[in-house]
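Trainee: After the sequence you'll find the predicted model.
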Amino acid sequence: MISARIGKKIAPGFSLDVEFSASPGVTALLGPSGAGKTLILEALAGFATPDSGRILLDDVLLFDAAARVDVPPHRRGCGYVAQRDALFPHMTLRQNLGFAAHRSPRVERSRRVAEMLERFQLAGLAASRPRELAPPERLRGAAARALLASPKLLLLDERGFDEALLRTVREAYSGPVLLVTNDLDLCCAAADRLTLLDAGHIVQSGAPRGVLDRPESVDAARVLGIPNIFECAIAALDPGRNSSRLEFSGFAINGPYIPGHFRGDRVSIAVRPEDLRVHAGETERQPNAVPAALVRVSRRARTVRLEFAGGVFADVSHEEFEGQKDNKSWQVEFLAETVRVL
Amino acid sequence: MTVDWSPLWISLRVGGLGAAGALALGLWLAWLLATRAFRGKSALEAAAEFPLVLPPLILGTYFAFALAGRPDGFTWPIAAVAAAVSALPATATAARVAFERADRDRDYENAARSLGASGWRVFRRVTAPLAYGPILAAASLAFARLAAEYAVTILVAAQGAARRGLLAGPLLPAIAMVALAALYIAHRLERRQARV
């Protein structure tokens, strides 16, 4: 288990200040570029020195700024797969893996290397140099090499990991894994915990499904890529019907009951674009809908994103859009149960 | 007609020792300039590049004067010292570029350290093998230039029949072949590094 408190000033106005722990299993770190994800991994591995904090791995002190303890990287037991693939270019794949197993006796080393090559489906490429391998093969090689050093903590700062590769890693390794990723689907499918980072701070942490379904703050919603974030005034609260009336941008919608708040309080709400319904403006006004002027249409792989005035975004299927594209005016319906109060 | 091959051996000795000396001095100087900040660094950089603007013959004459006490006191060891200084900019620049690249791009070294390798093991197995290609290529290039330089000097120094004999004989082609072989090795080393 790893537990860490890391503080580091990077530039005026930006500093890393995080505290977290991770038990065996995959913990995904998700955040925008420059949020500090790589820096956390570098600090844990010993490549970057925090200004303050403490890092403990399996109750062994790796770093303590106050006590001036800073264990060098090669004694930390942290396997690290870098963002840029770092298989040694002057060695074959087998030699790369052998480098990691150098503490094992020769026969044992050969056996472990062969086993790892087999496990990562690289046996036929053992004599190849990294430049002769495709990027996914290099990534598998880098992961296999990191595991051969028998790390106590595995740090994966590589966006190329997919579900299958992570599954292979987990079959070979049962310790804690910290994975930097921007792939929400991968977080849901393969991670045990999800930690959201923004501007050097952890904004939310928990089980992936829970974090995705219930973002707790505006920052968390932004990191999750939810574009519909509105500041509202609470116009009414009805605990009996478990509902509220929320006013924003001159409109009012029904939302869920908001415990701990009073009428007149201001709150932020988030709604996923796929949770909004769109209708023709000419049809009868839907109960929880607001009129909206269509600003832009963006056709995507699986959906069409409609951008309305006031920063409202709705995702509809291509079929649904084809049926509604000639609408002269629009109304956007908010489903009360999908409105998240932040 | 017997051919006096001694100029070839002297060329090889001067070129070889000069390149080796330039390599040793250049590595140290490059490491200093690439990884350390100190007062007078710019002056040292200028001094390291100064031999570039001096013709080797002039440099040799200075060293003959300084080491033997007279400008015409040329011996092959003095020529080798002059050759080493003359080739220093080439080896120092190549080594500095290699060291600066390794210092800036630490991904491989970090990967090695995360795999439990100590500093010496990282240098021996990762840093040095990745950097030695361009450094040895520069040394090989320096050797080629120094060997050929000595041939030019003895040709200019020879008079009358001796010069005609040199031009007609196999000595100069042999020296040229040695220099060509060194250039070929330099290019192979560079290409090998590019492939890595």
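Mentor: Arrived safely. From a predicted model like this one, the values you see are computed outputs, not experimental measurements.
Trainee: Show me the shaky parts of chain B.
Mentor: B:1, B:71-73, B:103-105, B:150, B:154, B:157-158, B:192-196 (pLDDT under 70).
Trainee: Swap in 90 and give it another go.
Mentor: Within chain B, the stretches with pLDDT under 90 are B:1-16, B:18-19, B:22-41, B:45-109, B:119-120, B:122-124, B:126-196.
Trainee: now do the stretch 51-200 of chain A
Mentor: A:59, A:82-86, A:90, A:102-104, A:158-160, A:182-185, A:188.
Trainee: Residues of it that sit close to chain B?
Mentor: Within the stretch 51-200 of chain A, the positions near chain B by CB under 8 Å from any CB of the partner chain are A:72-80, A:82, A:84, A:86-90, A:99-100, A:102-103, A:129, A:131, A:142, A:145-146, A:148-149, A:151, A:155. Where you see a C-beta, it was placed from the backbone N, CA and C, and this is true even at glycine.
Trainee: My read is that A:Ile328 contacts A:Thr283, right?
Mentor: Rather than Ile, residue A:328 is Lys. No: the pair A:Lys328 / A:Thr283 is not scored as a contact, 11.1 Å apart, by CB atoms under 8 Å.
Trainee: how deep is whatever residue of the stretch 101-250 of chain A ends up closest to chain B tucked in, by neighbour count?
Mentor: Closest contact between the stretch 101-250 of chain A and chain B, by CB to the nearest CB, is at A:Ala149 (4.5 Å). By other CB atoms under 10 Å in any protein chain shown, the residues close to A:Ala149 number 22.
Trainee: and if you look at B:Ala90?
Mentor: 21.
Trainee: tell me the SS of it?
Mentor: helix (DSSP: H, G, I helix; E, B strand; the rest coil).
Trainee: quick one: it and B:Ser140 touch, right?
Mentor: No: B:Ala90 is beyond contact range of B:Ser140, at 10.0 Å (criterion: CB under 8 Å).
Trainee: Leaving out chain neighbours, which residue sits closest to A:Glu171?
Mentor: Distance criterion CB to CB, 6 or more residues apart in numbering or on different chains; nearest residue to A:Glu171, sequence neighbours excluded, is A:Arg119 at 7.5 Å.
Trainee: For chain A, which segments count as helices?
Mentor: Under the criterion DSSP state H, chain A contains helices at A:37-45, A:93-100, A:106-119, A:135-148, A:163-172, A:184-190, A:208-213, A:218-223, A:318-324.
Trainee: so how far is B:Ala168 from B:Ala174?
Mentor: Using CB to CB, to the nearest Å, B:Ala174 is found at 13 Å from B:Ala168.
Trainee: Looking at the two, which one has more neighbours?
Mentor: B:Ala174 (17 against 10).
Trainee: contacting residues for B:Ile135?
Mentor: Going by CB atoms under 8 Å, 6 or more residues apart in numbering or on different chains, B:Ile135 touches B:23, B:26-27, B:91, B:94-95, B:98.
Trainee: go again using 6 Å as the cut-off
Mentor: Shown in contact with B:Ile135 (CB atoms under 6 Å, 6 or more residues apart in numbering or on different chains): B:94-95, B:98.
Trainee: now do B:His187
Mentor: Going by CB under 6 Å, 6+ apart, B:His187 touches no other residue.
Trainee: and residue 97, how many neighbours does it have?
Mentor: Picking chain A for this. What A:Leu97 shows, counting by other CB under 10 Å, is a neighbour count of 29.
Trainee: Correction: the question concerned chain B.
Mentor: For B:Val97, the count of nearby residues is 16 (other CB under 10 Å).
Trainee: That one and chain A, how far apart?
Mentor: 17 Å (CB to the nearest CB, to the nearest Å).
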